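Enquirer: with the input below, show me the fold.
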Amino acid sequence: MDKKYDLIVIGSGAAGMMSAIVSAREGKSVLLLEKLPQIASKLKATGGGRCNLTNTLSNEEFMRKFGRDGRFMQDALGAFDSKALVDFFAQIGVETHAPDGFRVFPTSHSASTIISALANEMQRVAVVLQCSQKVEHILQENNQIVGVKTQTQTFYAPNVIVATGGLGYPTLGAEGDGYTLASELGHKITELHPAMMPLKVKESWVANCRADTIAKVELRVDLPKHKKLRANGDLIFTNNGLRGPVILDFAREITPLLELYGEVPLLLNLTKGMNEEQIATHLKNEIAKNPHAKIIEHIATLLPHAISNELCFLADIVPHAKHKEIEGAKRAKLIQLLTWTPLTVSGHDGFKMAMITRGGINLKEINPKTMQSKIVNGLYFCGEVMNLDGPCGGYNLQWSFASGALAGLLK
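Expert: Numbering: from 1, shown residues only. The predicted structure follows:
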């Protein structure tokens, strides 16, 4: 006769492993199914392999960073916040620290440490792990979960947790399986867009600036209906576009607009928030100090040399000209460009470069106190498969662990 479990977990990422461990610790018999030959492929790549687990924000501030849907996390964080996560890892032999006072990492700065510890704990609490098992259907009878069907077998349980992640990094197994499984059972899936990724721009001059990281850049969308979309943070120019923390975070706002408009004009303040008047005064003071210097030398007191050079060209100014040799209109244009530099986002590399998916299973159909479906009894969700995503800095992993821990209680 086929073995019956109390719980089947689909997916061995952060959320899936946490839910399996919590449930097994509660005395439940747990089967974890992973479609790849090994566990935690995406977790291994997280944070460039360094594994930024969580951060030191209060729960209130943490939820705010997820926008209007952030309150959905209240019960999950109430039960399993960043302090609880750090304690959990300490219990299973992983030391953590926050070297910058904000982001929490394993002291090894290696995702492998986290994966090994979770794998050992799953073994200790007798979670049954089966890899190379792709779930094709979740089985239900009379609105009650009864099991799952994989390519080769049928497994039985009255509870199933879907922890399959999003669509980002398909090479690491992300194919959106969870969305298909959930929609087959009547759940709605919101529009899905790639997020947390570099962006490409039309302008070719950025390639000449790729050695430079610009701190405290202010970024805004220059479209009439979307002027409220703004972001602040560090930016890096690339061979064909932009990356850096501010871009990774802001990409979730840009990718849906790209689909809508084809391209998205941006304005970038690269001068730490200085306005036209402040920039004009700064340059005037620099020129007074050194009237015989080239204009490029004056601008380079505000920005790296390569960017200063490109902004001169955009203003139709010879970078080696002296201030008095430049026409008034061109000087005014230069100050405008130093205040707000225009760039046009033209594309991205799709889900293959997206660390996170924007969109997912509709939160209105999930009980935030339990992570259980409001449509089918015994069906639970956790992690990125739901329509909730946050910025860089340990937010998404903390949410995966917290939602996994709450789902694993099978309330």
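
Enquirer: what comes up buried for stretch 10-28?
Expert: For stretch 10-28, burial by neighbour count (16 or more other C-beta atoms under 10 Å) applies to 10-24, 28. C-betas here are computed from N, CA, C, even on glycine.

Enquirer: out of these, who's nearest residue 176?
Expert: Checking the buried residues of stretch 10-28 against residue 176 by C-beta to C-beta gives residue 11 as the nearest, at 11.9 Å.

Enquirer: doesn't residue 164 make contact with the closest one?
Expert: Yes. When contacts are counted by C-beta atoms under 8 Å, residue 11 is listed as touching residue 164 (4.2 Å).

Enquirer: report the set of residues contacting both of these two.
Expert: In terms of C-beta atoms under 8 Å, 6 or more residues apart in numbering, residue 11 and residue 164 are both contacted by the residues residue 178.

Enquirer: all the helices of the stretch 251-400 of the chain, in order from the start?
Expert: 276-289, 295-299, 305-314, 328-339, 395-408 (DSSP state H, counting those that start in this stretch).

Enquirer: just the pLDDT at residue 337, thanks.
Expert: At residue 337, the pLDDT value in this model is 98.

Enquirer: look up the closest residue to it, ignoring the ones flanking it.
Expert: Spatially, and ignoring its direct neighbours in sequence, residue 337 is nearest to residue 311 (5.0 Å; C-beta to C-beta, 6 or more residues apart in numbering).

Enquirer: wait, the one you found sits on residue 335?
Expert: No. Between residue 311 and residue 335 there is no contact under C-beta under 8 Å: 10.1 Å.

Enquirer: these two: which has the busier surroundings?
Expert: For residue 311 versus residue 335, the count of surrounding residues by other C-beta atoms under 10 Å is larger for residue 311: 23 against 18.

Enquirer: contacts only, for that one.
Expert: Here residue 311 is in contact with 299, 303, 334, 337, 338, 341 (C-beta under 8 Å, 6+ apart).

Enquirer: what of residue 178?
Expert: Contact criterion C-beta under 8 Å, 6+ apart gives 10, 11, 162, 163, 164, 165, 361, 381, 385 as the residues in contact with residue 178.

Enquirer: so which helix or strand takes in the closest residue to the last one other than its chain neighbours?
Expert: This points to residue 385. Leaving aside its chain neighbours, residue 385 sits nearest to residue 178 (3.9 Å; criterion: C-beta to C-beta, 6+ apart). Element membership of residue 178 [criterion: DSSP states H and E] is helix 177-184.

Enquirer: give the next helix or strand downstream of that helix.
Expert: Toward the C-terminus, helix 177-184 is succeeded by strand 193-195 as the next helix or strand (DSSP H and E).

Enquirer: what strands flank that following strand, and is each parallel or antiparallel?
Expert: The pairing partners recorded for strand 193-195 under DSSP bridges are strand 356-358 (antiparallel).

Enquirer: so what pLDDT did the closest residue to residue 268 other than its chain neighbours get?
Expert: Distances taken as C-beta to C-beta, 6+ apart place residue 341 nearest to residue 268, at 4.6 Å, with adjacent residues excluded. As predicted, residue 341 sits at a pLDDT of 98.

Enquirer: which residues touch residue 341?
Expert: Residues near residue 341 by C-beta under 8 Å, 6+ apart: 267, 268, 269, 270, 311, 314.

Enquirer: can you do 7 Å?
Expert: 268, 270, 311 (C-beta atoms under 7 Å, 6 or more residues apart in numbering).

Enquirer: and the gap between the last one and residue 220?
Expert: I take that to be residue 311. Distance of residue 311 to residue 220, computed by C-beta to C-beta, to the nearest Å: 18 Å.

Enquirer: check the first one too.
Expert: As defined by C-beta to C-beta, residue 268 lies at a distance of 8 Å from residue 220.

Enquirer: do the same with the second one
Expert: Residue 270 sits 13 Å away from residue 220 when distances are taken as C-beta to C-beta.

Enquirer: quick one, which of the two is more surrounded?
Expert: residue 270 (25 against 19).

Enquirer: burial count for residue 132?
Expert: Residues lying near residue 132 (other C-beta under 10 Å) number 13.

Enquirer: against which helices or strands is the worst-scoring helix or strand of the chain on mean pLDDT packed?
Expert: The helix or strand of the chain with the poorest confidence is helix 41-45; it has a mean of 89 (mean pLDDT, DSSP states H and E). With contacts defined as 3 or more C-beta pairs under 7 Å, 6 or more residues apart in numbering; DSSP states H and E, the packing partners of helix 41-45 are helix 111-124.

Enquirer: show me how this structure divides into domains.
Expert: Domain segmentation of the chain under automatic domain parsing yields 7-193+358-408, 198-348.

Enquirer: for the shortest one, measure first residue to last.
Expert: The first and last residues of domain 198-348 sit 7 Å apart, counting by C-alpha to C-alpha, to the nearest Å.

Enquirer: alright, calling it a day.
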